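> Need a 3D model of the sequence below.
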Amino acid sequence: MNDSDTHKIYNWPFLHVTTKNPKLIMLQFKINHNIIYTKDKLKKVNLISNDVCHLCEREKHTIKHMMLKCTYVTLFWNEFFAWWAQITNEKIHLPDSVLLYGPVNLSKHNQVLSLALLVAKYFIYTCNLAEDPHFSRCLNHSSGKTF
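This next block holds a predicted model:
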């Protein structure tokens with residue numbers, strides 16, 4: 001990633017995001033600045049004794065693990081890509097950097113994809129807060145809430 005891309009990524013939540021929803025914008029801001037309180041950070045400051053992911057119970061709970069690498073999240077992303085292919089007739093495979101930070105090139109198509117990715121990350125984040133590995137149950141619990 002070059003300096004121009006990095007600048008775009010850090011400004012994206014405020015300038016180029018396709019939503020005005022503050023919760024979505026702030027989640028992306030926190031991801032970009034690596035300031036989500038994951039278990040690895042909480043353990044470093046001695047607030048908890050275990051930094052293993054509470055969902056898969058296999059790896060250290062970091063932002064990258066929570067959003068991309070957890071077994072449950074990997075299944076979710078596979079379902080997301082299948083859904084995207086079904087509604088757009090386009091099979092996509094995105095690098096981790098695009099999943100985590102969003103598309104750098106914001107054409108009209110990428111704006112829609114960017115918003116879908118942002119909502120997906122918010123869903124992953126809320127399921128992690130609920131410590132629920134069954135995303136379908138998490139969806140049922142949050143269905144009455146608006147973000």
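> The residue nearest to the spatial centre of the chain: which element?
What sits nearest the mean C-alpha location of the chain, by C-alpha atoms, centre = their mean, is residue 121, with 2.7 Å. Element membership of residue 121, judged by DSSP states H and E, is helix 108-129.
> any low-confidence regions in the chain?
1-19, 104-109, 132-147 (pLDDT under 70).
> The same query, at a cut-off of 90, please.
1-22, 25, 29, 32-33, 54-56, 72, 92-93, 97-98, 101-115, 127-147 (pLDDT under 90).
> just the helices in it please.
3-15, 22-32, 39-44, 63-64, 71-88, 96-101, 108-129, 135-142 (DSSP state H).
> Now do the buried residues in the helix holding residue 121.
110-111, 113-128 (16 or more other C-beta atoms under 10 Å). For glycine as for every other residue, the C-beta is placed from the backbone atoms N, C-alpha and C.
> on that earlier part again, so for residue 50, which of the helices of the chain sits nearest?
helix 39-44 (6.9 Å; C-beta to C-beta).
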